[in-house]
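Chemist: from the sequence below, what's the structure:
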Amino acid sequence: MEENIKPTSKRRARKIISLALFLIIFSAVIYFGYTQYQRWYQQRKVYIDAGLTEDHFPYRFLSERELVDKGLWDGESPALNAVPTRTTPEETYAKFRQALIDGDIDKAAECFVERKREEYKDLLQKAKAEGKIQEIIIKLTDIYPEGEKITKGSTGDSSTSYTFMYKEQENDLKFKDHVIVFYKNWDGDWLMDNL
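Modeler: Residues are numbered from 1 along each chain as shown. Reported below is the predicted structural model:
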């Protein structure tokens, strides 16, 4: 009878040791997996906060086109550069000025890049409500001194800037400069990034 007890207690001890080892290994795997997930998620959170990935699982990185559309693409985009120009920066600027002269804030807002369109629409509506649109129109129509042209600044295939000269007040002796940046969109239209 003693012989039967020893093998049973040995088996029980082996089971307990096996279970303890399993729990230790399982806990280590869970701990290691959790710490790796935390590190991975913290890295993704940086990209999420910067707008470079989707904000939900699996946090896919955005494509070049999506980054360009959000204004987060640094440098030139070969895909966007290949899009033929439909509306030049000069044409967009002229359309913007005319829309303000006509009092069409919606049409004027269409001259801005998509990500800033609502912001500038609100600002222009506020300026219109305060009676300041005429001041903007005067600066825009007399934006450079007679005989001088708008200076083209840094330029690329999908972004460019122009420097406009204007006087703060009519009797000022010095001109001030103002830079407006234009970006080409996927339709080939150059749109304003600022005013």
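Chemist: leaving out sequence neighbours, find the closest residue to Ala79.
Modeler: The shortest distance from Ala79 to any non-neighbouring residue, by Cβ to Cβ, 6 or more residues apart in numbering, is to Glu64 (6.0 Å). All C-beta atoms are positioned from the backbone trio N, CA, C, and that covers glycine.
Chemist: what's that neighbour sitting at in phi/psi?
Modeler: Main-chain dihedrals, Glu64, degrees, to the nearest 10: phi -60, psi -40.
Chemist: tell me, how many residues neighbour it?
Modeler: When counting by other Cβ atoms under 10 Å, one arrives at 12 neighbours for Glu64.
Chemist: please identify the buried residues of stretch 178-185?
Modeler: Ile180, Val181, Phe182, Tyr183, Lys184, Asn185 (16 or more other Cβ atoms under 10 Å).
Chemist: mind checking how far the host helix or strand of Lys10 is from the chain centre?
Modeler: Taking DSSP states H and E as the definition, one finds Lys10 inside helix 2-50. Relative to its chain's centre, helix 2-50 lies at 43 Å (Cα atoms, centre = their mean, to the nearest Å).
Chemist: I'd like the next helix or strand past that helix.
Modeler: Following helix 2-50 toward the C-terminus (DSSP H and E): helix 64-70.
Chemist: show me what that following helix is in contact with.
Modeler: With Cβ atoms under 8 Å, 6 or more residues apart in numbering as the test, helix 64-70 has contacts from Gly51, Leu52, Leu62, Trp73, Ser77, Ala79, Leu80, Glu114, Arg115, Ser158, Asn185, Trp186.
Chemist: make it 10 Å
Modeler: 51-52, 54, 60-63, 72-74, 76-80, 113-115, 158, 183-186 (Cβ atoms under 10 Å, 6 or more residues apart in numbering).
Chemist: pLDDT of it, averaged?
Modeler: The average pLDDT within helix 64-70 is 76.
Chemist: may I see the buried residues of it?
Modeler: Counting neighbours by 16+ other Cβ under 10 Å, helix 64-70 gives Leu67, Val68, Asp69 as buried.
Chemist: domains in the chain, by residue range?
Modeler: According to automatic domain parsing, the chain comprises the domains 2-61, 78-192.
Chemist: mean confidence (pLDDT) on the first one, please.
Modeler: Domain 2-61 comes out with an average pLDDT of 82.
Chemist: coming back round to it: for the helix holding Lys10, name the packing helices and strands.
Modeler: Judged by 3 or more Cβ pairs under 10 Å, 6 or more residues apart in numbering; DSSP states H and E, helix 2-50 is in contact with no other helix or strand.
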